[in-house]
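Trainee: Compute the structure for the input listed below.
(chains A and B)
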2 protein chains.
Amino acid sequence: MELHLVQEEFTDYLKKIENYNEAINVMYWDLRTGAPKNGAEQRSNVISQLSSEVFEMTTSEKMEQYLTRLESEIGTGQLSEIVEKSVKECRKEYDLNCKIPKNEYAEYVKLCALSESAWEEAKDSGDFLTFQPYLEKIVEMKKKFIEYWGYTDKKYDTLLNFYEPGMTTKKLDEVFSKVRESLVPLVSKISNSGVSLQRDELFQPISKDIQKEVSENVLRKLGYNFQSGRLDETVHPFQITLNPGDVRVTTKYIEDNFMSALFGTIHECGHALYEQNLSANLIGTPLCSGASMGIHESQSLFFENMIGRSLEFWETQYEELKAQTGEFFKDLTVEEFYQAINHSEPSYIRIEADECTYPLHIMVRYEIEKELFDGDLQVKDLPKVWNEKMEKYLGIVPSNNREGVLQDVHWSGGDFGYFPSYALGAMYAAQFKHKMKQDLPNYEQLLKSGELHQIVNWLTLHIHQYGKLKKPSELLIDITGEDLNVKYFIDYLEEKYSKLYKLV
Amino acid sequence: MELHLVQEEFTDYLKKIENYNEAINVMYWDLRTGAPKNGAEQRSNVISQLSSEVFEMTTSEKMEQYLTRLESEIGTGQLSEIVEKSVKECRKEYDLNCKIPKNEYAEYVKLCALSESAWEEAKDSGDFLTFQPYLEKIVEMKKKFIEYWGYTDKKYDTLLNFYEPGMTTKKLDEVFSKVRESLVPLVSKISNSGVSLQRDELFQPISKDIQKEVSENVLRKLGYNFQSGRLDETVHPFQITLNPGDVRVTTKYIEDNFMSALFGTIHECGHALYEQNLSANLIGTPLCSGASMGIHESQSLFFENMIGRSLEFWETQYEELKAQTGEFFKDLTVEEFYQAINHSEPSYIRIEADECTYPLHIMVRYEIEKELFDGDLQVKDLPKVWNEKMEKYLGIVPSNNREGVLQDVHWSGGDFGYFPSYALGAMYAAQFKHKMKQDLPNYEQLLKSGELHQIVNWLTLHIHQYGKLKKPSELLIDITGEDLNVKYFIDYLEEKYSKLYKLV
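Mentor: Numbering: from 1, shown residues only, chains lettered A, B, ... in the order given. The predicted structure is shown next:
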């Protein structure tokens, strides 16, 4: 068949896959935003039917034929960039799914389901021993899978690559240790500063209706397009893309914790802006999403922390917030409000940690994962190692496994290599921000005046539009002229928190 | 292949089709309840892809093989009732789609799209002439299709059968003329009674929030299960079944027309109860829906008019309604409220007509459709004939085509044979109600005490659970011992409206 016809057929084939994915995502969104419970079981049959059809299409003989044919043309200039990169993306997915013998994969899926239940029980009781055999088996199978998938230097690198293309243990060791060298002393100085940023007033009850209005308003302010999205309430906030014209966010309203919805919304808004601003050319291809987990997280964290927790942003927004919430913040100046939302303190639970201590939580997990796959660490020793690292990095030791090694769901589902992306996001964000401030010398002024569109435009121009057309390190180099450099992140934190906590 | 294996395969095949339909319906619901507009175009690609796959599956060679094989076993006792009736349902669908040459069908689909746009324009301007050529072509093609599909006595019977299995022109002529004989004089007597039921107080503004609360409350009262459904707001109210555990209703809140949402909700609730109470055995088969359009409408109209517009129902509910709506109905006694919601008066627009004049609107359309397909009526004469019949049946003549022959969308999309079901629903409902009152001698008391579950149970036992397992006339005969008998409907209307309008 002629090459241009193969390209056309392949493109149609990918569109079909993405259409199925859109249908699945609509049903998934629906299930989480108020679908009646009695219909959920049958609904899951529908989702699972469509999901297996997607799986079949991505692993079919037909796909293999397309890939083999088109791969032979890569680099010849005969393929469009989108087709070329789609081929690479599909190959990754194909290999991921096809290199593992079917029976072993089925066994693994079953194991993960059992393991997640075991983890839930263990988490409730705090008894690691009941979870340990499942986790041991998962690690064992995952190691076997890595052999099938193949690896060059470190086994763990193969896992990292699923979430952060191009990332290696070597690179992470380097950046994480640098960050740690600065962050451990910084966190310790904050603890010993004698300064405690008052935030009691943030925990007064505010009605859901008001919180909703505030969330909608802040989304609009940040440039979220309600013609291409909607805001709903769910138990856990999330962002989901049905297509670039339908990018939805959800948040959670807690009456006596106003900040939860506010910063949850801003965080998801960062993800959503990325997806709303993807180039329309990418629709119907596997490139129509963020470059990586970490790059995606860089956008949510940039908006949540660097904008949403900046003094400049609140200098104009605070009066409106005060007006919307009535008498709520009447005793708090904007500076006090800024201090309150930047309270930092070592804590046990990762998802509740502040921006300053958060990366250290990730490093505890990273060190453990690395040692499990390429070192001598045994699953049975996890609770002990966890607590040791918590003490070393954060200066605190959880009194039980619930607040310690059992707190996250990830490992029970086999999701190793995922955690580092959370921390990488913050580092990427700081590096992008540093460059953005050079390109937009009036950056602070833009924040102060609430005119954020120039900032969003910058992100769209340099990051959003490309989707998966560029790898994380390509983005970094193209934008900032260098690969990941944690200096910017360290500088950002040291500057911000030294001021907040009056450190010398 | 062994028969039991064929049955199993066929059943799985049907499940797959129904799963696709569920996915399509979720997306359809989503589009109508607040999906952002920028994503709608790509979403329609997804819906159309899944729809064509459903079409392919229902018209595939494989389907034909299943049907041929299983049809040879019908009546041998080798097939389960569900499989046997599913085969018949699928055959109907298969023939419907496969007997027409593909190119003619494609031409027809295109024509309908153009015709609907032409109708919209014509409706705005009131100029029938611009719509006329489209309608002529549609009638012409439809006549040709009827030749392909085949017919015995009347061509129009083939069309009737799509919506009301077993219904014929002969039967409809009989029942409609009987109803007309009583209803035309009744409507005239009402007009000349000198009584005008006051309803001004129904048009005071009531906030959307209150209306929503009232709608939710009335749904609960009528036995709608919120664990198996949800209520949303849309431009046009509808009921949609995703699966029997997820049966959704929507309504429309108009601030200064409180009754619109109230009776819209009750109407859709009648449809929803039918679907929520279908037997779980039918899930995944084409039988998992109402027996016919008319039987479905009998349920919505039973609840809307016979319960929702009865004095007995409001005797307990009215106090609660008054409390929910604050001072709104303070000057209205329950009897006055009952009178207000049963105001009857000839009017031009079918969808705004009251229960007494409504059937006459349908008969205007029925007579025209019948004559178009089996008589000498020409499309060009429709406006004239329409107005003549309006005057004859309802005593009024629309002053323009917008309020006359151009008011309904149905014909522009080729939906001939659909209208009679609306009127049949009311007649079925009255016949069921008559029998129900024999089975439940305390029927009025149940209404008065607000204990509706016995009524819903009766409907479930005799109607809802069967889905499409029984044809409309089977249901009528099994339940009431006779086929459609319009005496019950006439008696119901004469009794109710003679009292309301003090007719002698």
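
Trainee: List the contacts of stretch A:14-30.
Mentor: A:43, A:46-47, A:50-51, A:53-54, A:57-58, A:86, A:90, A:240-243, A:248, A:283-286, A:288, B:23, B:26-27, B:30, B:42-43, B:45-46, B:49-50 (C-beta atoms under 8 Å, 6 or more residues apart in numbering or on different chains). In this view, the C-beta of every residue, glycine as well, is placed from N, C-alpha and C.

Trainee: Any chance you could give me it in PDB, C-alpha atoms only?
Mentor: Extracted in PDB, the C-alpha atoms of stretch A:14-30 (Å, rounded to 0.1, in the frame of the first residue of the first chain):
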ATOM      1  CA  LEU A  14      -5.800   6.300  16.100                       C
ATOM      2  CA  LYS A  15      -8.900   8.600  15.900                       C
ATOM      3  CA  LYS A  16     -11.100   5.600  16.600                       C
ATOM      4  CA  ILE A  17      -9.000   4.700  19.600                       C
ATOM      5  CA  GLU A  18      -9.200   8.200  20.900                       C
ATOM      6  CA  ASN A  19     -13.000   8.300  20.300                       C
ATOM      7  CA  TYR A  20     -13.400   5.200  22.400                       C
ATOM      8  CA  ASN A  21     -11.200   6.800  25.100                       C
ATOM      9  CA  GLU A  22     -13.400   9.800  25.100                       C
ATOM     10  CA  ALA A  23     -16.500   7.700  25.600                       C
ATOM     11  CA  ILE A  24     -14.800   5.900  28.400                       C
ATOM     12  CA  ASN A  25     -13.800   9.200  30.000                       C
ATOM     13  CA  VAL A  26     -17.300  10.600  29.800                       C
ATOM     14  CA  MET A  27     -18.600   7.500  31.600                       C
ATOM     15  CA  TYR A  28     -15.800   7.700  34.200                       C
ATOM     16  CA  TRP A  29     -16.600  11.400  34.800                       C
ATOM     17  CA  ASP A  30     -20.200  10.600  35.100                       C
END
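
Trainee: In it, which residues are buried?
Mentor: A:14-30 (16 or more other C-beta atoms under 10 Å in any protein chain shown).

Trainee: Pull out the buried members of the contacts of stretch A:14-30.
Mentor: Buried among the contacts of stretch A:14-30 by 16+ other C-beta under 10 Å: A:43, A:46-47, A:50, A:53-54, A:58, A:86, A:90, A:240-243, A:248, A:283-286, A:288, B:23, B:26-27, B:30, B:42-43, B:45-46, B:49-50.

Trainee: For A:Gly417, what are phi and psi?
Mentor: phi 100, psi 0 (degrees, to the nearest 10).

Trainee: contacting residues for the nearest residue to it once chain neighbours are set aside?
Mentor: Leaving aside its sequence neighbours, A:Gly417 sits nearest to A:Leu159 (C-beta to C-beta, 6 or more residues apart in numbering or on different chains; 3.1 Å). Shown in contact with A:Leu159 (C-beta under 8 Å, 6+ apart): A:142, A:146, A:369, A:373, A:416-417.

Trainee: Sort out which of the buried ones among the contacts of stretch A:14-30 are in strands and list them.
Mentor: Assigned to strands by DSSP state E, the following of those qualify: A:240-243, A:248.

Trainee: Could you measure from the residue nearest to A:Gly417 over to B:Gln445?
Mentor: 69 Å (C-beta to C-beta, to the nearest Å).

Trainee: Same question for A:Ser228.
Mentor: 55 Å.

Trainee: neighbour-wise, which of the two wins?
Mentor: A:Ser228 (20 against 11; other C-beta atoms under 10 Å in any protein chain shown).

Trainee: Which residue would be the closest one in the stretch 201-350 of chain A to chain B?
Mentor: A:Asp246 (2.5 Å; C-beta to the nearest C-beta).

Trainee: helix/strand/coil for A:Asp232?
Mentor: Look at A:Asp232: counting by DSSP: H, G, I helix; E, B strand; the rest coil, its state is strand.

Trainee: what about it, how many neighbours?
Mentor: 15.

Trainee: how close does it sit to A:Ser215?
Mentor: 11 Å.

Trainee: Same question for A:Gln78.
Mentor: A:Gln78 is 49 Å from A:Ser215, by C-beta to C-beta.

Trainee: out of the two, which sits in the more crowded spot?
Mentor: Taking other C-beta under 10 Å, A:Gln78 and A:Ser215 do not tie; A:Ser215 has more neighbours (22 against 14).

Trainee: tell me the contacts of A:Leu70?
Mentor: A:6-7, A:10, A:79, A:83-84, A:87.

Trainee: among these, who's most crowded?
Mentor: A:Val87 (24 neighbours).

Trainee: Hmm, A:Leu500 is touching A:Ala340, no?
Mentor: No - if you go by C-beta atoms under 8 Å, A:Leu500 and A:Ala340 don't touch, sitting 10.6 Å apart.

Trainee: and for the two, which residues touch both?
Mentor: Common neighbours of A:Leu500 and A:Ala340 (C-beta under 8 Å, 6+ apart) are A:Leu197.

Trainee: Tell me the pLDDT of the residue in the stretch 51-200 of chain A positioned nearest to chain B.
Mentor: Ranked by C-beta to the nearest C-beta, the top residue of the stretch 51-200 of chain A for proximity to chain B is A:Glu53, at 9.6 Å. At A:Glu53, the pLDDT value in this model is 94.

Trainee: Report the contact partners of the residue nearest the centre of chain A.
Mentor: Geometric centre of chain A, nearest residue: A:Glu297, 4.1 Å, by C-alpha atoms, centre = their mean. Counting by C-beta under 8 Å, 6+ apart, A:Glu297 makes contact with A:421-422, A:424-426, A:428.

Trainee: Same list as before, those that is, but in TSV and with pLDDT included.
Mentor: TSV is the format used below for those (pLDDT from 0 to 100):
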residue	pLDDT
A:Ser421	97
A:Tyr422	97
A:Leu424	98
A:Gly425	98
A:Ala426	98
A:Tyr428	98
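
Trainee: List buried residues within the residues you listed.
Mentor: By 16+ other C-beta under 10 Å, the contacts of A:Glu297 give A:421-422, A:424-426, A:428 as buried.

Trainee: Could I get the residues you listed in TSV, plus columns for secondary structure and distance to A:Ser347?
Mentor: Rendered in TSV, the data for those read as follows (DSSP: H, G, I helix; E, B strand; the rest coil; distance: C-beta to C-beta, whole Å):
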residue	secondary structure	distance to A:Ser347
A:Ser421	helix	21
A:Tyr422	helix	16
A:Leu424	helix	21
A:Gly425	helix	20
A:Ala426	helix	17
A:Tyr428	helix	24
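
Trainee: re earlier: so in terms of bridging, what pairs with the residue of the stretch 201-350 of chain A closest to chain B?
Mentor: Beta-bridge pairing for A:Asp246 (DSSP bridges): A:Asn243.

Trainee: Averaged pLDDT, stretch A:449-464. What do you get?
Mentor: Here the average pLDDT along stretch A:449-464 is 96.

Trainee: What are the buried residues along it?
Mentor: A:452, A:455-456, A:458-460, A:462-464.

Trainee: which residues does A:Asn500 contact?
Mentor: One thing to correct before we go on: residue A:500 is Leu, not Asn. A:195, A:197, A:339, A:342, A:344.

Trainee: Quick check: the two most widely separated of those?
Mentor: Spatially, the most separated pair among the contacts of A:Leu500 is A:Val195 and A:Asn342, at 11.4 Å (C-beta to C-beta).

Trainee: how far out from the middle of the chain is the lengthiest helix in chain A?
Mentor: In chain A, with assignment by DSSP state H, the single longest helix is helix A:3-32. Helix A:3-32 sits 23 Å away from the centroid of its parent chain (C-alpha atoms, centre = their mean, to the nearest Å).
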